[in-house]
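Engineer: A structural model of the following input is requested.
(chains A and B)
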Amino acid sequence: MKRITELKRDIRFVSFSAVGGYEEGIGPLGKNFDIIDNSGKFGQKTWELAEGEMGRICLNTSFTKSGLSHTDIDIIVAGDLQNQCVATSLGLASFGIPYIGVYGACSTCTESLMILSSFMNSNPDIKYGAAVTTSHNSAAERQFRTPIEYGGQRSPSAQWTSTAAGSFILGDRGKVRISSYMPGRIIDGVTSDGSNMGAAMAFAAADTIKSYFEESGEKSDEFDYIITGDLGRVGSDILYDILKNEVFGFETIHRDCGLILYDSEKKDVHSGASGCGTSASVLASHFLPMLEEGKIKKILFLSTGALMSPSSLLQGESIYGIAPLIKLEYIEDI
Amino acid sequence: MDINEKKRLIKKHSPKSPIVKNMFFAFLIGGLICALGEVIFIIASEFFDEKTSQTIVTLILIFLAAALTGFGIFDKIARVAGAGTLLPVTGFSNAVVSEALDSKSEGFVLGVGAKIFTVAGPVILFGISSGVVYGIIYYLYTLFMG
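Structural biologist: As a prediction, this is how the structure comes out:
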């Protein structure tokens, strides 16, 4: 089984943006976000529409930054957390760009970038492509858990779904290149506890990282960071335990977007952030700017997804995890 | 990696709920709600008979919990209080009102009407059912023993 695909075409990040809500704004990355809406409503009447509008605003910001318009984009790969990706459909419809919807639970950001770069790699006629990922705390709570104002006690391993969006425009200019990707495998997380999804996803992340180094022959010290999406505190600790003898110095180069987005001391977020907007917005507001400035040169980026539905959890099925991977490199043009 | 090894890792790294702290706050805040109920009862007893006063207590507590839910305060108290706000009638009120607020955007019949008891439904179903069972047992008891 060959899992890694090296991209022959030089595909780069032309521009990228992050948009968030109140909690994201007061977090450590708040000042790096392009737009923060404290109400979380983005001028819409429902939370579901708000998520779509957040994605639209985020993509529009990336257009402005790149000097491109929607007519320059040949394809868009995007997704969110709502049923049938309805937020993305309603939010991005007005652009009229050919669209592929991706539902990868919280792994959507990496999956979209992987699919988009694969399309662009095989079809040189695609000059520019876009990827957008959103998640909205209120829309997700309604769909997966309990009403927003319902009062209940949260488990210490529970994570907080972020209200955040990340958008990326890929093309032939910029300083950061996607050089390869590796799809994840569906790995049993053995727990059916919906309040402990970080733990369930840790095994998928471990599988991807281990397989990547085995297949590529690369060494972990070549990388500045190995970044996971939203394992949170519990999932990260499990990952360290699995990889401590497998990947040299893993704990020092590992970063988890779920542990970066919020200040866990200040906010009652327990094990960290979750939701597919987490890895998308942290990539766009934190890691890509660092790569673009050349502060870091090479990273592995894995968004981690918990594959479950409210019904599957009630039926006692275990949560399966998935962790696709992309390799990003800083390119210094002479 | 086999299933048992995975289960061991999850157990090893998952933090346990702070039971003593949770019980303390449940006792404190649940007790305060009951004390408030008692104060309302004493005041109401000045004007009404015992049975009416009991009903007034329930009504006022339901109203307060509903209002606090609407203002977005109830869930913040409940996050600390846990069973302290869940067990009294306040928990039931919050479960119904929060669902009504949420499903309003989906219309009054198929939204609010169909979903209002989604969270509180089990309490209504099993509460009424156990009441019926208790009633039958009580009736049979009085029939043969009374």
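Engineer: When you work out contacts or count neighbours from here on, use the C-alpha atoms and nothing else.
Structural biologist: Will do.
Engineer: What strand or helix carries the closest residue to chain A within chain B?
Structural biologist: Proximity of chain B to chain A (Cα to the nearest Cα) peaks at residue B:75, 3.8 Å away. Secondary structure assignment for residue B:75, by DSSP states H and E: helix B:74-81.
Engineer: pLDDT at residue A:152, what is it?
Structural biologist: In the prediction, the pLDDT value recorded for residue A:152 is 85.
Engineer: Equivalent analysis for the one 4 residues further on, please.
Structural biologist: Listed pLDDT for residue A:156 reads 87.
Engineer: can you pull the contacts of the residue lying closest to it once chain neighbours are set aside?
Structural biologist: When the adjacent residues along the chain are set aside, residue A:156 lies closest to residue A:270, with 5.3 Å between them (Cα to Cα, 6 or more residues apart in numbering or on different chains). Contact partners of residue A:270, counting by Cα atoms under 8 Å, 6 or more residues apart in numbering or on different chains, are A:155-160, A:264.
Engineer: Which one of the residues you listed is nearest to residue A:140?
Structural biologist: If you rank those by distance to residue A:140 using Cα to Cα, residue A:160 comes first, at 10.1 Å.
Engineer: which parts of chain B sit against chain A?
Structural biologist: Taking Cα under 8 Å from any Cα of the partner chain as the test, the list of chain B residues beside chain A reads B:3, B:6-7, B:9-10, B:13-17, B:69-70, B:72, B:74-82, B:86, B:91, B:94-95, B:98-99, B:102, B:105, B:119.
Engineer: When you filter those residues down to buried only, what's left?
Structural biologist: The neighbour-count test (16 or more other Cα atoms under 10 Å in any protein chain shown) marks B:6, B:9-10, B:13-14, B:69, B:72, B:74-82, B:86, B:91, B:94-95, B:98-99, B:102, B:119 as buried among the residues of chain B next to chain A.
Engineer: Any regions of chain B where pLDDT drops low?
Structural biologist: Counting by pLDDT under 70, chain B has low-confidence residues at B:146.
Engineer: and if we set it to 90?
Structural biologist: Residue ranges of chain B with pLDDT under 90: B:1-2, B:17, B:86-88, B:123, B:144-146.
Engineer: residue contacts, the residue positioned nearest the centre of it?
Structural biologist: When chain B is reduced to its mean C-alpha position, the closest residue under Cα atoms, centre = their mean turns out to be residue B:91, at 2.7 Å. The contact partners of residue B:91, taken as Cα under 8 Å, 6+ apart, are A:151, B:65, B:85.
Engineer: how about a cut-off of 10 Å?
Structural biologist: Contact analysis of residue B:91 by Cα atoms under 10 Å, 6 or more residues apart in numbering or on different chains lists A:150-152, B:62, B:65-66, B:74, B:78, B:82-85, B:120.
Engineer: Out of the residues you listed, list just those in helices.
Structural biologist: B:62, B:65-66, B:74, B:78, B:83-85 (DSSP state H).
Engineer: Just the buried subset of these, please.
Structural biologist: Restricting the ones in helices among the contacts of residue B:91 to buried positions leaves B:62, B:65-66, B:74, B:78, B:83-85, with burial counted as 16+ other Cα under 10 Å.
Engineer: how far does stretch A:95-109 sit from the chain's center?
Structural biologist: When distances are taken as Cα atoms, centre = their mean, to the nearest Å, stretch A:95-109 is centred 12 Å away from the chain's centroid.
Engineer: What's the end-to-end length of it?
Structural biologist: Start-to-end span of stretch A:95-109 (Cα to Cα, to the nearest Å) is 20 Å.
Engineer: Stretch A:316-326 now?
Structural biologist: Distance between the two ends of stretch A:316-326: 32 Å, counting by Cα to Cα.
Engineer: avg pLDDT for it?
Structural biologist: Per-residue scores along stretch A:316-326 average to 96.
Engineer: ok, and does that stretch reach over to chain B?
Structural biologist: No: contact of stretch A:316-326 with chain B (Cα under 10 Å from any Cα of the partner chain) is absent, the minimum separation being 11.2 Å.
Engineer: got the buried residues for that stretch?
Structural biologist: Going by 16+ other Cα under 10 Å, stretch A:316-326 has these buried residues: A:318-326.
Engineer: quick one: which of these is nearest to chain B?
Structural biologist: So of the buried residues of stretch A:316-326, ranked by how close each gets to chain B (Cα to the nearest Cα), first place is residue A:318, at 11.2 Å.
Engineer: tell me the contacts of the closest one?
Structural biologist: Going by Cα under 10 Å, 6+ apart, the list of residues near residue A:318 reads A:188-194, A:200, A:307-308, A:312.
Engineer: Wait, the residue of chain B closest to chain A touches residue B:67, no?
Structural biologist: No: shown here, residue B:75 and residue B:67 do not form a contact pair, counting by Cα atoms under 10 Å, at 11.8 Å.
Engineer: Show me the common contact partners of those two, please.
Structural biologist: The contact lists of residue B:75 and residue B:67 share residue B:94, where a contact means Cα under 10 Å, 6+ apart.
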